[in-house]
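Trainee: structural data only, the sequence is not supplied:
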């Protein structure tokens, strides 16, 4: 029973990681790529670690695996959010510089 | 049963790592390369999980934690470096005051 649950979780988690990578290749701009990668990868790595928890019988290993899961849940969305925020700022900086170039307040003075 | 599933998962994770490496090599901008690097690091953690399932040991868990920390710190370092490369528009700068003045004049 234990092995069946663990193998199901393993295949599910690794297919989620593959889905994230397919989204990374197929989508067209960094915002949607970060969107595809962050959520699927977080769930995938959590499922893989839970499968490892099911297979190992130690309590101490279980606690450490819980720590790794919490760390991944904290850090993966944060890095995706920072990349998306940087891309958004770059986009708006480009728009702002083009509008300033059109009005040209320095040339009039 | 568990051996076959671990092998299948290894193949799937290798495919995922190859796709992430393709994005790292052919990304049009730097941000795509950063995202691809992040995906590759997380796939490596998944492979460590599969290895410790196959060997039935818990000694790789600390290495997983360190690897995840390294991937996160790498992403944050790249992003904050690129973030300082874009100058912020401060409220005391000349361009900001001109824009405010223009808004007042149009009103």
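Mentor: Looks like it came in fine. Keep in mind that what you see is a predicted model, and the values were worked out from it rather than measured. Numbering: from 1, shown residues only, chains lettered A, B, ... in the order given.

Trainee: contacts, neighbours, all on C-alpha from now
Mentor: OK.

Trainee: sec struct for residue A:28, please.
Mentor: coil (DSSP: H, G, I helix; E, B strand; the rest coil).

Trainee: for it, give me its contacts.
Mentor: Counting by Cα atoms under 8 Å, 6 or more residues apart in numbering or on different chains, residue A:28 touches no other residue.

Trainee: give the contact list for the residue most central in space within chain B.
Mentor: Taking Cα atoms, centre = their mean, the centroid of chain B lies closest to residue B:38, which sits 2.9 Å from it. Counting by Cα under 8 Å, 6+ apart, residue B:38 makes contact with B:71-72, B:75.

Trainee: nearest to residue B:33 among these?
Mentor: For those, the closest approach to residue B:33 (Cα to Cα) belongs to residue B:75, at 10.2 Å.

Trainee: confidence score at that closest one?
Mentor: pLDDT recorded at residue B:75 is 90.

Trainee: pick out the residue of chain A closest to chain B.
Mentor: Residue nearest to chain B within chain A (Cα to the nearest Cα): residue A:18, separated by 4.7 Å.

Trainee: residues near that residue, how many?
Mentor: 27 (other Cα atoms under 10 Å in any protein chain shown).

Trainee: which helix or which strand is home to it?
Mentor: Assigning secondary structure by DSSP states H and E places residue A:18 in helix A:2-26.

Trainee: now do the helices in chain A.
Mentor: Under the criterion DSSP state H, helices of chain A are mapped to A:2-26, A:30-55, A:59-103, A:105-108.

Trainee: worst average pLDDT in those helices?
Mentor: helix A:105-108 (a mean of 44).

Trainee: most centrally placed residue in chain A?
Mentor: Centroid-nearest residue in chain A: residue A:38, 1.7 Å away (criterion: Cα atoms, centre = their mean).

Trainee: and the residue of chain B closest to chain A?
Mentor: Counting by Cα to the nearest Cα, chain B gets nearest chain A through residue B:16, at 4.7 Å.

Trainee: what's the local residue count around that residue?
Mentor: 25.

Trainee: that one contacts residue A:17, doesn't it?
Mentor: Yes: counting by Cα atoms under 8 Å, a contact exists between residue B:16 and residue A:17, whose distance comes to 6.5 Å.

Trainee: give me the contacts around the helix holding residue A:18.
Mentor: Taking Cα under 8 Å, 6+ apart as the rule, helix A:2-26 contacts A:33-34, A:36-38, A:40-41, A:43-48, A:50-52, A:54-55, B:1-2, B:5-6, B:8-9, B:12-13, B:15-17, B:19-20, B:22-23, B:36, B:39, B:43, B:46.

Trainee: now do that helix: distance to the chain's middle.
Mentor: Mean-position distance between helix A:2-26 and its chain equals 14 Å (Cα atoms, centre = their mean, to the nearest Å).
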